[in-house]
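>>> just to be clear, the model below is a prediction. Sequence and coordinates:
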Amino acid sequence: MDETRFFDVNGRMGRGAYAVPEFPAARDLIAHMDYLGIDRALVWHVLARDLAPTAGNRILLDEIRSSEELAARLVPAQVVTPANAYEFGAVERIRENVRLSGSRAFRKASSAGSAFPLC
């Protein structure tokens, strides 16, 4: 009988603007995944949600690409916010990150009832 494999679709890592991070670095998340028996995860960076989407997305990619093990187990999801529509060059940077990572996953981050809908 084949072993069941698990894929976490809501992984997060990194230091944000508000709280003590649960998983400050990718290796911390991997250790937790190992403890739970999770093989792979779709992951986004907390900084991208809390403070700087462009910087957080890039930090995520750089950290994942720093190791073959991390790249094999963590699938990056780009955080997009309504602010991306107003930040010069943000859409181009998101496209470049997608090209570099091969991932087509996005995490929409905005407050409920935001005046800036994400289309």
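Received the coordinates, thanks.
>>> isn't residue 11 right next to residue 39, touching?
No. In this structure residue 11 lies outside contact range of residue 39 using Cβ atoms under 8 Å: 11.8 Å. Using the backbone N, CA and C atoms, a C-beta is placed for each residue, glycine as well.
>>> is it true that residue 51 touches residue 45?
No. Residue 51 is not in contact with residue 45 according to Cβ under 8 Å; the separation is 10.2 Å.
>>> higher neighbour count, those two?
residue 45 (29 against 13; other Cβ atoms under 10 Å).
>>> joint contacts of residue 11 and residue 39?
In the contact map built from Cβ atoms under 8 Å, 6 or more residues apart in numbering, the residues linked to both residue 11 and residue 39 are residue 33.
>>> looking at these two, which one has more neighbours?
Between residue 11 and residue 39, counting by other Cβ under 10 Å, residue 11 is the more crowded of the two (23 against 14).
>>> what strands flank the helix or strand in which that one is found, and is each parallel or antiparallel?
Under DSSP states H and E, the secondary-structure element containing residue 11 is strand 7-13. Strand 7-13 has its sheet partners listed here by DSSP bridges as strand 40-45 (parallel).
>>> which residues touch the partner strand?
Judged by Cβ under 8 Å, 6+ apart, the contacts made with strand 40-45 from elsewhere in the structure are 5-14, 26, 29, 33, 56-57, 59-60, 64, 72-79, 105, 107.
>>> now do that strand: distance to the chain's middle.
Taking the mean C-alpha point of strand 40-45 and that of its whole chain, the gap between them comes to 5 Å (Cα atoms, centre = their mean, to the nearest Å).
>>> all strands in the chain, in order from the N-terminus.
For the chain, applying DSSP state E gives strands covering 7-13, 40-45, 74-80, 105-108.
>>> among those, which is nearest residue 98?
With respect to residue 98, and counting by Cβ to Cβ, the nearest of these is strand 74-80 at 6.5 Å.
>>> that closest one versus strand 40-45: what angle between them?
Angle of strand 74-80 versus strand 40-45, following axes from the mean of the first three to the mean of the last three Cα atoms, to 10 degrees, is 30 degrees.
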